[in-house]
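Student: Next comes the sequence, and after it the predicted model I'd like to discuss.
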Amino acid sequence: MKSFKVAVLAGDGIGPEVMTEALRVLETVGKKFALNFAFTEKRVGGAAIDADGKALPDDTLQACREADAILFGSVGGPKWESLPPNEQPERAALLPLRKHFGLFANLRPAVCFAELTHASPVRTDIVAGGFDVLCVRELTGGLYFGQPKFTREENGDTVVVDTMVYKKSEIERIAHVAFRAAQGRRKKLTSIDKANVLENGVLWRKTVTAIAKQYPGVELSHLYVDNAAMQLIKNPKAFDVVLAENLFGDILSDEMAMIAGSLGMLPSASLGVKETPLGRFGMYEPSGGTAPDIAGKGIANPIAQILSAAMMLRHSFGENDAASAIDAAVRNVIAAGYRTGDIFTEGTKRVNTREMGDAILGALG
Ligand code: IPM
Ligand code: MG
């Protein structure tokens, strides 16, 4: 029996409801594949602000340090929106976690299931048959963390500065992650930059091009970020892996999530620097937010959280069979017509959060 320690940070809004289903799924695959999970549940985000006075309490961080991986729900909501920006749950919990654990590699699959193309706002003929794009976003560099960063009064005016900084080594390590991902997929990598304007973009393009020599099986192309925003919506099926720096990846991964249809279906992984024989330390979370409008009603789609747990099995624990079993169970319940409200259409079976969890447990056998 293999044992894994998981820090469980459900957070706010629908976080706790969907997390409950993900933990049930993990327990069930654990029995099937002889894996034991020790879950340590801790507060984060708005819930932690209310109870402990800050979004990322020390004992939550400590539990993450002691864990093999972090399973994260979502944070934020209207109740905390009037706090100063750097005390808000999103900035005061997510960004420090990323920085603290060096989670530089953010994998955001944007998968549109063939059965769910109706949920996409994009014209049916463009998404017909579904698509599968993987966004690889650099997560600890660029404008988010570059110094200096300040707001100050100067000669009767207000001046703000954010600084875009990348080291070549940071570009190289995220490029390796993207090339390796492409090797395991359809072997196409599109690297995004703004090399026509930014020094950052010039180095980005040069570095990714150099790394490509180590991956002769992968076809590399480059797009300026503005053009990429257009091409992704014009023909998402033409893309396999998309590699971008932090801010461009933030924006393009949201665009891809919207084109895919339901945020409730999309997981994500944020992986750290340290590689063990089993994988990398990582934090796993749904791409969507806390959905305050439906929180507490038990109707949210738990699939993004459940697929995030599958990504944890694959990328941090090296348990590919157990991860694939979860992916397959999700595909099966979608094929069988189970739908939460966000993906419902006439003629399918409308279910709530718990019933979707039950259906996936059933499909796991
Ligand atoms: C994301 C979010 C965060 C980001 C915010 C909440 C800080 O948009 O994970 O994409 O910008 O990275
Ligand atoms: Mg974002």
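Tutor: Received the coordinates, thanks. Residues are numbered from 1 along each chain as shown. Ligands and ions are numbered 1, 2, ... in the order given.

Student: Next one, pLDDT for the spatially closest residue to residue 312 that is not a sequence neighbour please.
Tutor: In space, not counting the residues next to it along the chain, residue 312 is nearest to residue 284; the distance is 4.4 Å by CB to CB, 6 or more residues apart in numbering. C-beta coordinates here come from the backbone N, C-alpha and C atoms, glycine included. The model reports residue 284 with a pLDDT of 98.

Student: buried residues in stretch 283-294?
Tutor: Along stretch 283-294, these residues count as buried under the neighbour rule (16 or more other CB atoms under 10 Å): 283-292, 294.

Student: Do any residues in that stretch lie close to ligand 1?
Tutor: No. Interface with ligand 1: stretch 283-294 contributes nothing (CB under 6 Å from any ligand atom), its closest point being 7.6 Å away.

Student: From the chain's centroid, how far away is that stretch?
Tutor: Stretch 283-294 sits 10 Å away from the centroid of its parent chain (CA atoms, centre = their mean, to the nearest Å).

Student: how close does residue 200 sit to residue 71?
Tutor: In this structure, residue 200 and residue 71 are 33 Å apart, going by CB to CB, to the nearest Å.

Student: Compare these two and say which is more crowded by neighbours.
Tutor: Using other CB atoms under 10 Å as the criterion, residue 200 and residue 71 rank with residue 71 on top: 27 against 21.

Student: Roughly how far does the residue of the stretch 201-350 of the chain found nearest ligand 1 sit from residue 167?
Tutor: Using CB to the nearest ligand atom, the single residue of the stretch 201-350 of the chain nearest to ligand 1 is residue 250, 4.5 Å away. Using CB to CB, we find residue 250 at a distance of 20 Å from residue 167.

Student: neighbour-wise, which of these two wins?
Tutor: Here residue 250 and residue 167 are set side by side on neighbour count (other CB under 10 Å), and the busier one is residue 250, at 18 against 11.

Student: Skipping adjacent residues, who's closest to that one in space?
Tutor: Counting by CB to CB, 6+ apart, residue 137 is the residue found nearest to residue 250 once chain neighbours are left out, at 6.7 Å.

Student: for the one you found, which residues make a bridge with it?
Tutor: Each beta-bridge partner of residue 137 is listed here, defined by DSSP bridges: residue 106, residue 244.

Student: Quick check, it in contact with residue 106.
Tutor: Yes. Under the criterion of CB atoms under 8 Å, residue 137 makes contact with residue 106 at 4.1 Å.

Student: Now stretch 194-201: buried residues?
Tutor: By 16+ other CB under 10 Å, the buried positions in stretch 194-201 come out as 194-195, 200-201.

Student: Kindly report the same for stretch 73-91.
Tutor: By neighbour count, with 16+ other CB under 10 Å as the criterion, the buried positions of stretch 73-91 are 73-77, 80, 88-91.

Student: re the thing from before, got a list of what the residue nearest to residue 250 touches?
Tutor: For residue 137, the residues meeting the contact criterion (CB atoms under 8 Å, 6 or more residues apart in numbering) are 106, 108, 244-246, 248-250, 253.

Student: All the helices of the stretch 1-150 of the chain, residue numbers only.
Tutor: Listed in chain order, the helices found in the stretch 1-150 of the chain under DSSP state H, counting those that start in this stretch are 15-33, 46-52, 58-66, 89, 95-100, 124-127.

Student: Pick the most deeply packed of those.
Tutor: Ranked by mean neighbour count, the helices of the stretch 1-150 of the chain are led by helix 89 with a mean of 27 (mean count of other CB atoms under 10 Å).

Student: Show me what it is in contact with.
Tutor: Under the contact criterion CB under 8 Å, 6+ apart, helix 89 has outside partners 11-12, 44-46, 48-49, 55, 75-77, 80.

Student: nearest to ligand 1, of the helices of the stretch 1-150 of the chain?
Tutor: helix 95-100 (5.9 Å).
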